[in-house]
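> the sequence and its predicted three-dimensional model are supplied below.
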Amino acid sequence: MRRHRRAKIVATVGPASSSPDMLKALLEAGVDTFRLNFSHGTQSDHARIHAAIRKLEQEVNRPIGILLDLQGPKIRVGTLRDGKIIVAAGETIRFVLSGSDGDRGAIPLPHREIFAAVAPGHDLLIDDGRVRVRVTGLGDDFIEAKVIVGGTISNHKGVNLPGTVLDLSPLTTKDRLDLEFGLKLGVDWVALSFVQKPSDIIEARSLIGDRAGLMAKIEKPAALERIDDIIQLCDAIMVARGDLGVEIPHEDVPGRQKELVRACRLAVKPVIVATQMLDSMVAAPTPTRAEVSDVATAIYDGADAVMLSAESATGRYPQEAVEMMDRIIRSTEQHKMYRSIVEATQPGEEQTAPHAVATAAADLASVVHAKAIVAYTSSGTTAARVARKRPSLPILVITPSREVSRRLCLLWGAHSVLSDDVRSYEEMVERATAFALAEQFASSRDLLVVVAGIPFGQAGTTNNLRVVSLP
């Protein structure tokens, strides 16, 4: 199950991919982490899929990551008298909090937090921006707005407010129940939707603790304004380009993606690029050339992982989509321009001893033509520090924690194996040598660069570097 690429693949599980046979086919095709989207399906559905993945993990004897993606708050218009209304650019319409007849003069919008936060000049985007209106006046229980882009408003369509920060927790009652359910199952990552501010991460962390990695989905403009603080508080980032692209101009999304990937590399946090990467493969066996370029761009940016959504969840060709993404990643990473591009976007180094040791390990391994970097880690931090450098050779991670090994299925370049804590230098060298041979990273008389923290088993130290020659 060794991957001959560095970037990882996340695939969403749904009706098209939930059978044990298809899960195994997707794993063999290249999936590293499976995403359980709690916006769809029941808890029992997800429990069944979780159990199937864990059984598969035992069969292949390789860690498999599982990501729980919480639904988050959904802001929608209410029920309209005739099911829908058609509005034209230039006309004035009114939204009301309650007591609505459901016509253009009283469109139900049953979300009090909107009426408390919105101001004249703010835009409301309905149905993923297909209809855009601008607030011109408001009261405690009504909002008057001018239609900027006309179209059809129908029952329960979603509403986005790109210029408004809502006093709204990202964790609904449903999310809290789903979160506790998923943590009891033993998911490895939790993705938090509707993140607007750092306090949203703190709230989620208070519930999750260290039971799973906490991933912030960046899909709101308000989150971009506080992104450095959000990245520091969470364990990983997902660039949710679909929702983000609704609320910021489409042309700004590529630049924001690059900024987010770079910021995460600087902070030593994994970053996933997600949404519509191979979208045409929902219905077709091959992607468009533009989609292939989109995936390749994320790899050139240095993203830790790329994600499939509907392509693997409900599409007609889930296995083919994973195989295609695997081929794109491998081809991109092998291209002659890849190293120069990735190195050109290398973020500045943090001036700390652990980062310096990890960087030195990557540089030294390249200079002496080592076959691999072996990183000992109890929390995943040492491996992440090495991966931050995006070295040209593989990273073999040795950890005593099954939970850490599963979380590392999102980390660029990491191939993890389980082992008891080492207690001495001699044992460190012996075990690194044994695993490098067993996992086929090296052979007799090859060199390894081993990086670890002393004392062994103490998280976050990363202070020791050693060159090992295999017998």
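Received the coordinates, thanks.
> now do the contacts for Ala283.
315-316 (C-beta atoms under 8 Å, 6 or more residues apart in numbering). Quick note: C-beta positions are derived from backbone N, CA and C, even for glycine.
> in contact with Ala284: list those residues for me.
Ala284 neighbours (C-beta under 8 Å, 6+ apart): Tyr317.
> mind running it again at 10 Å?
Applying C-beta atoms under 10 Å, 6 or more residues apart in numbering, one finds that Ala284 lies in contact with 278, 315-317, 320-321.
> swap in Glu219?
Per C-beta under 10 Å, 6+ apart, neighbours of Glu219: 72, 160, 193-196, 238-248, 274-275.
> narrow those residues to those that are buried.
Among the contacts of Glu219, those scoring as buried are 72, 160, 193-196, 238-241, 243-248, 274-275 (criterion: 16 or more other C-beta atoms under 10 Å).
> what about Pro249, neighbour count?
As a burial measure, Pro249 scores 9 neighbours (other C-beta atoms under 10 Å).
> kindly report the same for His4.
Neighbour tally, His4, other C-beta under 10 Å: 11.
> isn't it right up against Ser331?
No: using C-beta atoms under 10 Å, His4 makes no contact with Ser331, being 11.3 Å away.
> let's see which of the contacts of Ala284 end up in helices.
320-321 (DSSP state H).
> nearest to Val96, of the contacts of Ala284?
Using C-beta to C-beta, Gly315 is the member of the contacts of Ala284 that lies nearest Val96, at 39.5 Å.
> tally of neighbours for the closest one?
Counted with other C-beta under 10 Å, Gly315 comes out at 25.
> quick check: the gap between the closest residue in space to it that isn't next to it in sequence and Ser309.
Excluding the flanking residues, the one nearest Gly315 by C-beta to C-beta, 6 or more residues apart in numbering is Val282, at 3.9 Å. Relative to Ser309, Val282 is positioned 9 Å away (C-beta to C-beta, to the nearest Å).
> and if you look at Asp210?
28 Å.
> neighbour count winner among those two?
Neighbours per residue (other C-beta under 10 Å) separate Asp210 from Ser309, with Ser309 holding more: 24 against 10.
> Ala16 is in contact with that one, correct?
No: contact criterion C-beta under 10 Å: Ser309 and Ala16 do not qualify, at 11.6 Å.
> what do the two both touch?
The contact lists of Ser309 and Ala16 share 282, 315, where a contact means C-beta under 10 Å, 6+ apart.
> please list the outside residues in contact with the strand or helix carrying Glu113.
Glu113 is part of helix 112-117 when elements are defined by DSSP states H and E. Applying C-beta under 10 Å, 6+ apart, the contact partners of helix 112-117 are 73, 75, 95-98, 109, 111, 122, 124, 135, 138-143, 159, 161, 164-169.
> confidence score at Leu56?
Looking at Leu56, its pLDDT is 98.
> helix, strand or coil for it?
helix (DSSP: H, G, I helix; E, B strand; the rest coil).
> and Ile153, by the same measure?
Under three-state DSSP, the three-state class of Ile153 is strand.
> that one pairs with what?
Ile85 (DSSP bridges).
> my guess is it contacts Leu125. True?
No: between Ile153 and Leu125 there is no contact, the gap being 11.4 Å when judged by C-beta under 10 Å.
> now the common contact residues for the two.
With C-beta under 10 Å, 6+ apart as the test, Ile153 and Leu125 both reach 131, 133, 159.
> make CSV out of the residues you listed and add neighbour count.
Output for those, formatted as CSV (neighbours: other C-beta atoms under 10 Å):
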residue, neighbour count
Val131, 23
Val133, 27
Val159, 19
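> now Arg423: how far from Pro455?
Counting by C-beta to C-beta, the gap from Arg423 to Pro455 is 9 Å.
> same deal with Met238?
Counting by C-beta to C-beta - Met238 and Pro455 are separated by 35 Å.
> same question, Tyr300
39 Å.
> who has more neighbours out of these two?
Tyr300 (20 against 11).
> in a strand, the more buried one, correct?
No: counting by three-state DSSP, Tyr300 is not found in a strand; it is helix.
> hmm, it is touching Thr332, no?
Yes: counting by C-beta under 10 Å, Tyr300 touches Thr332, with 6.6 Å between them.
> shared neighbours, the two?
Applying C-beta under 10 Å, 6+ apart, one finds that Tyr300 and Thr332 are jointly contacted by 293, 338, 341.
> which stretches in the stretch 301-450 of the chain count as strands?
Secondary structure of the stretch 301-450 of the chain by DSSP state E, counting those that start in this stretch: the strands cover 305-308, 372-376, 395-399, 414-418, 447-452.
> now stretch 63-76: average pLDDT?
For stretch 63-76, the per-residue pLDDT averages 96.
> give me the buried positions along that stretch.
63-73, 75-76.
> stretch 165-175 too?
For stretch 165-175, using 16+ other C-beta under 10 Å, the buried residues are 166, 168-172, 175.
> and it, C-alpha only, in PDB?
This file holds the C-alpha atoms of stretch 165-175, laid out as PDB (Å, rounded to 0.1, in the frame of the first residue of the first chain):
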ATOM      1  CA  VAL A 165     -20.600  38.400  10.400                       C
ATOM      2  CA  LEU A 166     -23.400  36.600  12.100                       C
ATOM      3  CA  ASP A 167     -23.600  36.000  15.800                       C
ATOM      4  CA  LEU A 168     -24.100  32.300  15.100                       C
ATOM      5  CA  SER A 169     -22.300  29.300  16.500                       C
ATOM      6  CA  PRO A 170     -20.900  27.000  13.800                       C
ATOM      7  CA  LEU A 171     -22.200  24.100  15.900                       C
ATOM      8  CA  THR A 172     -25.900  23.400  15.700                       C
ATOM      9  CA  THR A 173     -27.800  21.000  17.900                       C
ATOM     10  CA  LYS A 174     -27.500  18.400  15.100                       C
ATOM     11  CA  ASP A 175     -23.700  19.100  14.800                       C
END
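> quick check: Asp279 touching Thr288?
Yes: here Asp279 lies in contact with Thr288, judged by C-beta under 10 Å, at a distance of 8.6 Å.
> between those two, who's got more neighbours?
Asp279 (20 against 13).
> next up, the contacts around that one.
242, 287-288, 291, 294, 308-311, 315, 321.
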